[in-house]
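K.L.:
Give the three-dimensional model of this entry:
(one chain, ligands or ions: 1)
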Amino acid sequence: MKSAAFEYHAPETVADVSLLLAEHGDDAKLLAGGQSLVPLLAMRLTRFPHIVDLNRVAELRGVERQNGTLTIKAMTRQSDAEHDATVAAAAPLIAQALPMIGHFQIRNRGTVGGSIAHADPASELPAVALALDAELEAARAGSTRRIPAAEFFEGTWTTTLEPEELLTAVHVPVWEGRCGFVVDEVARRSGDFALAGVVCAVELNEAGAVRRSAIGLFGMGSTPVRARDAEAALNGSTPTATELAEVARLAAAGCSPTDDVHASAEYRTHVGAHLVQRALDRALGEARSG
Ligand SMILES: Cc1cc2nc3c(=O)[nH]c(=O)nc-3n(C[C@H](O)[C@H](O)[C@H](O)COP(=O)(O)OP(=O)(O)OC[C@H]3O[C@@H](n4cnc5c(N)ncnc54)[C@H](O)[C@@H]3O)c2cc1C
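P.N.:
Alright, predicted model coming up:
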């Protein structure tokens, strides 16, 4: 099928994008990599009178590390971030998550900002952003604001971005020290969205106990989920295998997965707990040997 007719805009600056969004509001839709939006338009599952293409906005591309923060601008292609040495060193969770997004053809067009703004609860990057306390920078005509990831994801494909706002960058705190990072997921086939997935980061103190941890789950509810109770149970401990199993059970119990054609809620909870346990075990092993 072909999409319904729309007026196409190709601005070259964030200021011009903001003006178009201010003018058209809900009638306008931003186009980034098009890997989620174009199929929806083509199947006429959605339609907008105005499409604002971000692909000519050069200021929305690039990666930078400064003062303990990694910044990835919204229109950075997923494949560019995947092969970026700065991203790999500053945010191993992002580097590990990116290759799990679809296939390389999809990542060649798909963008980091598009994945986060699209807010699919089975997506890897929103869970990483949530677990690492990323800040999402949003611009509108005349102003910008930073939204903590914990306040950004509202529901399936829904965020707290206003219709007049665009996501311009993702700011991610860099973890340093004795750390381990693991992303793991179960999908029906390589390249498919995950049935259940997990991102884990741990940092150890000098005594080898967990100084801090971050656990995010995806495919386990209507938004990515942060397992704060599980983190609290882990922090300060030197966990045994039995304790890790209990932490993992807590993490999965804090999720509200639903039944769908791909898997039952019970299956997702079971798999989610196993994934957390396995990922934490690997992350702790990495941190101990680091
Ligand atoms: C076969 C297939 C498999 C896939 N598998 C996965 C997977 O395993 N994991 C995964 O995470 N994704 C997967 N995807 C989705 C893919 O990663 C998309 O690239 C991503 O979800 C959206 O990014 P995009 O840049 O293509 O955005 P687009 O499709 O252009 O836009 C998506 C949405 O985000 C909005 N948007 C985009 N950029 C901005 C911005 N800067 N500010 C505000 N709003 C914005 C758009 O208006 C639109 O609503 C898959 C896609 C396909 C086709």
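K.L.:
pLDDT score assigned to Asn108?
P.N.:
Looking at Asn108, its pLDDT is 98.
K.L.:
let me redo that: Cys200
P.N.:
On the pLDDT scale, Cys200 gets 98.
K.L.:
So it is in contact with Ile215, correct?
P.N.:
Yes: when contacts are counted by CB atoms under 8 Å, Cys200 is listed as touching Ile215 (5.4 Å). C-beta coordinates here come from the backbone N, C-alpha and C atoms, glycine included.
K.L.:
so where do the strands sit in the stretch 101-250 of the chain?
P.N.:
Along the stretch 101-250 of the chain, counting by DSSP state E, counting those that start in this stretch, strands occupy 135-140, 143-148, 153-155, 158-159, 166-173, 178-186, 196-204, 210-218, 225-226.
K.L.:
Which one of these lies nearest to the ligand?
P.N.:
strand 166-173 (3.5 Å; CB to the nearest ligand atom).
K.L.:
what pairs with that closest one, and is each one parallel or antiparallel?
P.N.:
strand 69-73 (antiparallel), strand 135-140 (antiparallel) (DSSP bridges).
K.L.:
Looking at Cys200 and Ile215, which one has more neighbours?
P.N.:
Cys200 (32 against 29; other CB atoms under 10 Å).
K.L.:
Contact residues of the stretch 51-200 of the chain facing the ligand?
P.N.:
54, 74, 101-102, 106, 110-111, 113-115, 117-118, 120, 123-124, 161, 166-167, 193 (CB under 6 Å from any ligand atom).
K.L.:
rerun at 5 Å
P.N.:
Residues of the stretch 51-200 of the chain lying near the ligand by CB under 5 Å from any ligand atom: 74, 101-102, 106, 110-111, 113-115, 117-118, 123, 166-167, 193.
K.L.:
So Gly254 is in contact with Gly221, correct?
P.N.:
No: using CB under 8 Å as the test, Gly254 is too far from Gly221 to be in contact (9.2 Å).
K.L.:
So those two - more neighbours on which side?
P.N.:
For Gly254 versus Gly221, neighbours defined as other CB under 10 Å are more numerous around Gly221 (21 against 18).
K.L.:
Just give me how far stretch 79-97 sits from the chain centre.
P.N.:
Distance of stretch 79-97 from its chain centroid, counting by CA atoms, centre = their mean, to the nearest Å, is 13 Å.
K.L.:
So that it lines up with my notes, have the first residue be 21 from now on.
P.N.:
Fine by me, first position is 21 from now on; the one you just mentioned is stretch 99-117.
K.L.:
Just the buried residues of it, please?
P.N.:
99-102, 104, 107, 110-117 (16 or more other CB atoms under 10 Å).
K.L.:
before we move on, what about stretch 283-292?
P.N.:
Neighbour-count burial for stretch 283-292 [16+ other CB under 10 Å]: Ala283, Arg288, Thr289, Val291, Gly292.
K.L.:
can you redo those as JSON lines with pLDDT?
P.N.:
Below are the buried residues of stretch 283-292 laid out as JSON lines (pLDDT from 0 to 100):
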{"residue": "Ala283", "pLDDT": "92"}
{"residue": "Arg288", "pLDDT": "96"}
{"residue": "Thr289", "pLDDT": "96"}
{"residue": "Val291", "pLDDT": "97"}
{"residue": "Gly292", "pLDDT": "97"}
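K.L.:
And those residues, which is closest to Ser163?
P.N.:
Nearest to Ser163 among those, counting by CB to CB, is Gly292 at 38.9 Å.
K.L.:
Specify the local secondary structure of the closest one.
P.N.:
Here Gly292 is recorded as helix under DSSP: H, G, I helix; E, B strand; the rest coil.
K.L.:
State the distance from it to Met240.
P.N.:
5 Å (CB to CB, to the nearest Å).
K.L.:
How about Glu184?
P.N.:
Look at Glu184 and Met240: by CB to CB, they are 32 Å apart.
K.L.:
And for Gly82?
P.N.:
Taking CB to CB, one finds Gly82 at 32 Å from Met240.
K.L.:
Dump stretch 151-161 to PDB, restricted to CA.
P.N.:
Backbone C-alpha positions of stretch 151-161 (Å, rounded to 0.1, in the frame of the first residue of the first chain) are rendered in PDB as follows:
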ATOM      1  CA  ALA A 151      18.600   1.900  33.500                       C
ATOM      2  CA  LEU A 152      21.500   4.400  33.100                       C
ATOM      3  CA  ASP A 153      19.400   7.400  34.200                       C
ATOM      4  CA  ALA A 154      19.900   9.100  30.800                       C
ATOM      5  CA  GLU A 155      18.500  12.500  30.200                       C
ATOM      6  CA  LEU A 156      16.500  13.100  27.000                       C
ATOM      7  CA  GLU A 157      17.000  16.600  25.600                       C
ATOM      8  CA  ALA A 158      13.900  18.100  23.900                       C
ATOM      9  CA  ALA A 159      13.700  21.300  21.900                       C
ATOM     10  CA  ARG A 160      10.800  23.500  21.000                       C
ATOM     11  CA  ALA A 161      10.700  27.000  19.500                       C
END
